[in-house]
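J.: predicted model follows, preceded by the sequence.
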Amino acid sequence: MVMMMMRMGSKALLLVALAAVVTVAVAEPSVEEKARALASFRSKFGPDSAQTGGPCAVCVVLFGMLNQKALLENETPKKVLDDLCKNSENPVGHGICHIIDELATLVGLGKVDAHTSPDKLCAPLCTKTPTCQLFKQWPPASFTEGQRKKQPQSFVRTADDGVHRYNHGNNLGAPGGNFWKDFFHLLSFLLHGLKDNIEKVFDQHVPMAADDKDGDRHATATTFRGTSWRGRDCDDTKADVYPGRKTSNYPDTVDHNCNGIFGHDANGTSYEELYCSKTQQIGLSILGDSATAHFRIPPNLLTPKYLNDTTFDGIVHLVENEADWPECSWSTAWQNATNCPRSLLPIKSMYQRLRERNLCNHRDYQNIGVNGARTSSMMPPGIIESYQRNQTEDSPALVFFALIGNDVCNGHPGMSHMTTVPEFEANVLKSLSYLDTVLPAGSHVAFVPLADGTILWDTLHNHTHPIGVPYPDFYEYLICLGEAPCWGWMNPNETWRELTTQRAQNLSAVYPKIIAEQSYKHFDMDVLPADLTNKVIQKWVAEGHSAVDLIEPVDGFHPSTTANMLIADNVWKWIEQAHPTWLGDVNPFNDEIAKMFGNQGGY
């Protein structure tokens with residue numbers, strides 16, 4: 001459901017729904033205020049709205065969950081909904097319940113029982129997509145089989161997968177589960193400079209002004225493009241104090257680069273000079289798409305068995321971070337395993353490895369991953385201009401250029417909306433020219449080839465989605481609605497899947513051509529091996545694991561946290577072999593730094 005809202009409404013419609021939720025959630029709004037909020041929601045998501053597949057999909061998925069939950073508990077869908085709303089203890093949960101109740105009124109939920117197919121129930125909202133059907137059998141075959149075994153299998157992808165794959169670790173909430181902190185941060189976003197906040201966070205992909213008072217693009221809060229995405233600012237009153245800063249006009253009592261190292265020894269030598277100046281400090285940056293940002297919808301949100309009064313507890317944090325988990329991604333993860341989605345491997349990103357190698361690199365990370373980004377939206381004056389690096393004042397950076405899917409992936413049939421090879425090359429060259437104006441000398445750019453998305457169908461075609469339908473039915477439903485994140489690779493037609501892969505390979509072949517023909521003043525370049533991902537998958541399977549572990553279950557498209565950590569390990573090993581100087585030497589003063597400064601201020 002969240003994925004549909006992200007795709008169909010982006011910032012505008014999502015915020016309309018969010019504003020309606022908050023309006024009905026806080027401080028006992030008047031009947032008139034509540035009515036206006038719900039009317040606004042109805043105008044955007046009701047049967048007469050301009051939307052096509054999105055509202056229909058939200059309805060079918062939502063009531064698919066409610067009706068299955070009702071069957072499990074031998075109750076009516078309306079009773080399940082009423083209990084869900086009555087027992088929710090947070091204001092956003094109450095607000096969402098009001099919105100769901102409004103949606104239930106639109107489709108007449110109170111007049112049907114749980115044996116009614118959600119596709120039939122939601123027909124009033126699906127008039128623009130009447131032939132699209134998610135549940136081709138109701139109840140779903142996997143649900144019926146699970147009932148016979150007294151253990152519903154519609155909630156896992158295979159009979160032996162185990163629910164623990166999804167219901168473990170911090171699958172829903174914010175790190176630390178601080179709901180109220182997230183909630184008041186949301187109120188600040190909505191109530192103080194909303195228009196400017198939308199522009200900064202969703203268009204410019206930088207923190208909102210309240211979290212970045214000095215405008216250096218490093219924030220003091222976690223979400224809304226804050227520290228989840230870039231290193232924490234340790235002084236939000238000084239625009240020339242931020243992670244990655246190399247030069248300073250301040251006394252050594254000021255931590256000018258926010259790496260937690262400051263002060264001086266008995267001889268008056270600053271610890272920054274003593275421990276860091278002769279080391280090869282380098283920041284970790286990545287420019288990319290939703291895979292870069294680690295897009296992830298928690299499976300609990302779409303698993304009927306786990307629908308309860310705590311289901312929406314983490315929804316605020318999820319929305320504030322655009323359903324992304326950059327703090328747990330292969331490139332810029334800094335969170336520990338407790339606060340990340342469950343991984344079958346330790347959380348150890350490229351940034352964490354660089355920091356471990358040299359503690360002077362602490363907090364110097366930037367994740368400029370944007371859902372839906374492709375080379376045409378990345379190039380200037382687009383997303384890439386949100387990247388912050390001062391060419392003369394900052395340390396060099398290792399930059400990954402990682403647009404791995406959207407130049408071939410979209411919801412349109414055929415190949416006409418895919419990026420052509422000449423367009424791809426022109427777009428990348430414009431981005432590189434821009435980077436040569438902002439990256440300090442001694443930086444490096446590593447290109448990540450486009451993915452081979454055939455793994456999606458090949459791996460999941462005989463598995464079951466958390467909501468209870470086979471993945472082929474789920475893919476077909478998204479394609480029918482025009483909401484599929486990748487028409488080519490999610491297509492049941494093998495020829496289209498192969499053609500999509502061929503275009504991806506043709507685009508990736510541009511990178512070696514650029515490396516051979518172009519040179520830049522401030523950075524060198526290389527491209528990761530084109531077969532790196534496939535080799536990683538093959539090795540994982542050869543070790544006795546399942547390729548299913550590597551794909552996010554809800555969208556059936558993005559790399560899982562386990563896959564992210566596999567990527568980090570293999571990319572690190574490749575750089576160690578191909579470009580060891582890119583990583584800098586191990587800092588001989590790491591032990592002294594850790595002893596004196598502890599966790600260096602954390603994150």
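T.: Thanks, I have the structure now. Numbers count the residues shown, from 1 in each chain.

J.: which secondary structure element is home to Ser285?
T.: Per DSSP states H and E, Ser285 falls inside strand 283-288.

J.: starting at the chain centroid, how far to the helix or strand just after that strand?
T.: Following strand 283-288 in sequence order, the next helix or strand is helix 315-320 (DSSP H and E). Mean-position distance between helix 315-320 and its chain equals 11 Å (Cα atoms, centre = their mean, to the nearest Å).

J.: just the mean pLDDT for helix 315-320, thanks.
T.: Averaged across helix 315-320, pLDDT comes to 88.

J.: before we move on, what about stretch 572-580?
T.: pLDDT averaged over stretch 572-580 gives 98.

J.: could you give the separation of that stretch from the chain centroid?
T.: Worked out by Cα atoms, centre = their mean, stretch 572-580 lies 27 Å from the chain centre.

J.: so for stretch 401-418, what gets flagged as buried?
T.: Phe401, Ala402, Leu403, Ile404, Gly405, Asn406, Asp407, Val408, Cys409, Asn410, Gly411, Met418 (16 or more other Cβ atoms under 10 Å). Where C-beta positions appear, they are placed from N, C-alpha and C, glycine not excepted.

J.: ends of that stretch, how far apart?
T.: 19 Å (Cα to Cα, to the nearest Å).

J.: on that earlier part again, could you single out the nearest of the buried residues of stretch 401-418 to Asn90?
T.: Asn90 lies nearest to Gly411 out of the buried residues of stretch 401-418, by Cβ to Cβ, at 33.8 Å.

J.: name the residues that touch stretch 570-587?
T.: Stretch 570-587 has contacts (Cβ atoms under 8 Å, 6 or more residues apart in numbering) with 275-276, 279-282, 330, 350, 353-354, 357-360, 398, 444, 446, 526, 528-529, 532, 535-536, 593.

J.: the same query, at a cut-off of 7 Å, please.
T.: Residues from elsewhere that reach stretch 570-587 (Cβ atoms under 7 Å, 6 or more residues apart in numbering): 279-280, 282, 350, 353-354, 357-360, 398, 444, 526, 528-529, 532, 536.

J.: helices - which of those land there?
T.: Among those, the members found in helices (DSSP state H) are Met350, Arg353, Leu354, Arg357, Leu532, Val536.

J.: the residue nearest to the fourth one when sequence neighbours are not counted: neighbour count?
T.: Nearest residue to Arg357 in three dimensions, chain neighbours excluded: Val586, at 5.4 Å (Cβ to Cβ, 6 or more residues apart in numbering). Neighbourhood size, Val586 [other Cβ atoms under 10 Å]: 12.

J.: any idea how far Val586 is from Lys246?
T.: Noted for Val586: a distance of 20 Å to Lys246, by Cβ to Cβ, to the nearest Å.

J.: now Gly263
T.: Distance, Gly263 to Lys246, by Cβ to Cβ: 18 Å.

J.: who has more neighbours, these two?
T.: Neighbours were counted for Gly263 and for Lys246 using other Cβ under 10 Å; Lys246 has more, 17 against 14.

J.: what ranges do the helices span in the stretch 51-200 of the chain?
T.: Along the stretch 51-200 of the chain, the stretches classed as helices by DSSP state H, counting those that start in this stretch are 53-73, 77-87, 91-107, 118-121, 141-149, 179-191, 194-198.
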